[in-house]
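>>> Compute the structure for the input listed below.
(chains A and B)
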Amino acid sequence: EDQVTQSPEALRLQEGESSSLNCSYTVSGLRGLFWYRQDPGKGPEFLFTLYSAGEEKEKERLKATLTKKESFLHITAPKPEDSATYLCAVQAYGQNFVFGPGTRLSVLP
Amino acid sequence: DAGVTQSPTHLIKTRGQQVTLRCSPKSGHDTVSWYQQALGQGPQFIFQYYEEEERQRGNFPDRFSGHQFPNYSSELNVNALLLGDSALYLCASSLGQGGNQPQHFGDGTRLSIL
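A predicted model of the protein is given here:
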């Protein structure tokens, strides 16, 4: 059975304090790994798709990387507006998305 | 370019009632998936519709059913509501069934069961 775990469950950072979020997965035949951001009361907002180990994607202060067992979302010099829940999802061949529980990020000014 | 739209935004029902939630996909998308998100948890896959047929289904009882219309919009129906059905129901759309394209989400319908 496909499984996704995320750590830490919650993270508090000072503005400018860089850190990383982890997404560990078990899947038979990874077709894609997806990162989303979700603000309170809103739907998930798509950030990145990673397809194969070694791949990296960047967007502003965010950088996503992928290995055969996990993905990291690196946040460089975060700002308060980066506060949100970050969700990771995997898709196996012939299957739909399986989401992790998310990491709640708070960036304090 | 309109994104995924869902209606209503909030709904309050009592146990045993039935509910219908609606979703219009992002322009150009033809596949709709539905998810249930409990408070503090990640979305759980309910089912996916493509070409007006249910193509995949998650671990949800038959009380959960759906429909897709020729214009790609979709409905989620839940019968015999239970207290545990209280959650945020999310609709996501994508292009093509079975592909690895990202899904784009609406802001959901918050369903509360009293």
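
>>> quick one: the helix or strand residue A:21 falls within to chain centroid distance?
Remark: residue A:21 resides in strand A:19-26, with elements defined by DSSP states H and E. Its chain's C-alpha centre and that of strand A:19-26 lie 7 Å apart, by Cα atoms, centre = their mean, to the nearest Å.

>>> does it come close to chain B?
No. If you take Cβ under 8 Å from any Cβ of the partner chain as the test, strand A:19-26 misses chain B, and the best it gets is 10.8 Å. Where C-beta positions appear, they are placed from N, C-alpha and C, glycine not excepted.

>>> name the helices or strands packed onto the very next helix or strand once past that strand?
Counting by DSSP H and E, the next helix or strand C-terminal to strand A:19-26 is strand A:30-38. For strand A:30-38, the helices and strands in contact under the criterion 3 or more Cβ pairs under 8 Å, 6 or more residues apart in numbering or on different chains; DSSP states H and E are strand A:19-26, strand A:45-50, strand A:70-75, strand A:84-92.

>>> contacts for whichever helix or strand comes after the longest one?
Stepping forward along the backbone from strand A:84-92, the first helix or strand reached (DSSP H and E) is strand A:97-99. By Cβ atoms under 8 Å, 6 or more residues apart in numbering or on different chains, the list of residues contacting strand A:97-99 from outside reads A:2-4, A:27, A:34, A:87-92, B:33, B:35, B:42-45, B:92, B:103.

>>> filter those to the buried ones?
The neighbour-count test (16 or more other Cβ atoms under 10 Å in any protein chain shown) marks A:2, A:4, A:27, A:34, A:87-92, B:33, B:35, B:42-45, B:92, B:103 as buried among the contacts of strand A:97-99.

>>> which parts of chain A sit against chain B?
If contact is defined as Cβ under 8 Å from any Cβ, the residues of chain A in contact with chain B are A:4, A:31-32, A:34, A:36, A:41-46, A:49, A:51, A:87, A:89, A:91, A:94-102.

>>> before we move on, back to that, dump the helices and strands packed on strand A:30-38 to TSV, plus mean pLDDT.
Written out in TSV, the entries for those read as follows (pLDDT from 0 to 100):
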stretch	mean pLDDT
strand A:19-26	97
strand A:45-50	96
strand A:70-75	98
strand A:84-92	95
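
>>> Can you tell me which of the ones you listed is most buried?
strand A:84-92 (a mean of 23; mean count of other Cβ atoms under 10 Å in any protein chain shown).

>>> Put the alpha carbons of that one into CSV.
Taking Å, rounded to 0.1, in the frame of the first residue of the first chain, the C-alpha atoms of strand A:84-92 are listed here in CSV:
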residue,chain,number,x,y,z
ALA,A,84,1.0,27.7,5.5
THR,A,85,0.6,23.9,5.6
TYR,A,86,2.8,22.2,3.1
LEU,A,87,1.4,19.0,1.6
CYS,A,88,3.3,16.2,-0.2
ALA,A,89,1.5,13.7,-2.5
VAL,A,90,2.7,10.8,-4.5
GLN,A,91,1.1,9.1,-7.6
ALA,A,92,1.9,5.5,-8.5
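
>>> quick one: that strand to strand A:70-75, angle?
Angular relation of strand A:84-92 and strand A:70-75 on a 0 to 180 degree scale: 150 degrees, by axes from the mean of the first three to the mean of the last three Cα atoms, to 10 degrees.

>>> about what we covered before: show residues contacting the strand holding residue A:21.
Contacts to strand A:19-26, defined as Cβ under 8 Å, 6+ apart, come from residues A:1-8, A:11, A:13, A:33, A:35, A:69-75, A:78, A:86, A:88, A:90, A:100, A:103, A:105.
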